[in-house]
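Enquirer: mind folding the following:
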Amino acid sequence: MQEQLVNEIAKVVMEQLRNVDVYNTEDRIPIGVSARHVHLSQADLETLFGKGYELHKKKDLMGGQFAAQECVTLIGTKLRAIENVRVLGPVRKQSQVEISKTDAIKLGVNAPVRLSGDLAGSAPIALVGPKGAVYLKEGCIVAKRHIHMSPKDAERFGVKDRQVVKVRFESGRGGTFEDVPIRIDPTFDLEMHIDTDEANGLGITKDMGYLIK
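Expert: Numbers count the residues shown, from 1 in each chain. Okay, the predicted model is just below:
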């Protein structure tokens with residue numbers, strides 16, 4: 001009786017496996033783990049580093065952005081600090097701080113999960129540089145995971161700007177990230193951005209994800 005039950009279960013499992021779509025290797029998305037960082041307005045840059053100051057490029061990033069040599073210190077509402085936080089350039093109209101949820105807990109700030117640039121009503125935070133300090137009434141967020149791609153990539157995947165998809169991981173601990181918006185621009189390289197908490201949670205390093213529409 002037990003052997004018969006095992007055989008029946010095996011048949012059901014095999015049938016299910018036949019019906020599962022195998023992930024297409026062309027649907028793979030490179031993963032970029034985004035550490036905490038800061039974008040600065042020109043006014044705030046000068047307050048932190050001095051009048052007329054310009055950022056010094058360390059490494060080029062996609063979309064015309066770059067990692068600068070400059071770093072700042074973040075100060076939260078609990079007066080706890082995180083030092084050596086990288087500044088990204090070029091300057092923006094409004095300063096923005098992107099951290100992980102773990103960072104937010106350490107700093108004591110209630111940073112909402114947002115896409116870059118969506119700063120209305122976000123958390124306050126203070127920044128300290130070698131020449132001064134800046135207090136932002138809003139501008140601190142936990143960066144929402146997302147996928148960058150060019151229009152050519154979007155056509156290949158059959159997706160549109162701001163479309164929300166899922167991404168499956170089979171390496172590390174394995175798992176699926178849901179609610180992943182797509183951002184399309186001619187200057188973008190194909191890459192999914194997640195923060196350090198998400199990467200650590202699924203054991204992701206330089207892995208590839210599989211896009212699921």
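
Enquirer: any chance you could map the helices in this structure?
Expert: 2-19, 42-49, 101-107, 151-157, 196-202 (DSSP state H).

Enquirer: list the contacts of the nearest residue to residue 35 once chain neighbours are set aside.
Expert: Closest residue to residue 35 apart from its sequence neighbours, by CB to CB, 6 or more residues apart in numbering: residue 196 at 5.9 Å. The C-beta positions use only the backbone N, C-alpha and C, and glycine is treated the same way. Shown in contact with residue 196 (CB atoms under 8 Å, 6 or more residues apart in numbering): 33-36, 100, 102.

Enquirer: give the contact list for residue 163.
Expert: 181-182, 213.

Enquirer: 10 Å instead?
Expert: Going by CB atoms under 10 Å, 6 or more residues apart in numbering, residue 163 touches 147, 154, 157, 180-184, 213.

Enquirer: for this protein, give me the ranges with low pLDDT.
Expert: 1-26 (pLDDT under 70).

Enquirer: all strands of this structure, in order?
Expert: Assigned by DSSP state E, the strands in the chain fall at 28-34, 37-41, 57-60, 66-75, 81-92, 96-99, 113-114, 123-128, 133-143, 146-149, 164-169, 175-184, 191-195, 208-212.

Enquirer: what lines up beside the fourth one in the sheet?
Expert: If I follow you right, that is strand 66-75. Partners of strand 66-75 in the sheet, by DSSP bridges, are strand 57-60 (antiparallel), strand 81-92 (antiparallel), strand 123-128 (antiparallel).

Enquirer: how close does the nearest residue to residue 104 once chain neighbours are set aside get to residue 207?
Expert: Closest residue in space to residue 104, ignoring its immediate chain neighbours: residue 111 at 4.4 Å, by CB to CB, 6+ apart. Per CB to CB, to the nearest Å, residue 111 is found 26 Å from residue 207.

Enquirer: one step back: need the max-distance pair from the contacts of residue 163.
Expert: The largest separation in the contacts of residue 163, counting by CB to CB, is between 183 and 213 at 15.8 Å.

Enquirer: who has more neighbours, the two?
Expert: residue 183 (17 against 11; other CB atoms under 10 Å).

Enquirer: let me know the closest of the contacts of residue 163 to residue 49.
Expert: residue 183 (29.5 Å).

Enquirer: from residue 94, how far out is residue 41?
Expert: Residue 41 is 6 Å from residue 94, where distance means CB to CB.

Enquirer: quick one on the thing from earlier: now, which of the contacts of residue 196 sits nearest residue 116?
Expert: Of these, the one sitting nearest to residue 116 (CB to CB) turns out to be residue 34, at 10.0 Å.

Enquirer: count the neighbours of the closest residue to the closest one other than its chain neighbours for me.
Expert: Here the nearest residue to residue 34 in space, its sequence neighbours aside, is residue 193; by CB to CB, 6+ apart that works out to 4.8 Å. Counted with other CB under 10 Å, the neighbours of residue 193 add up to 20.
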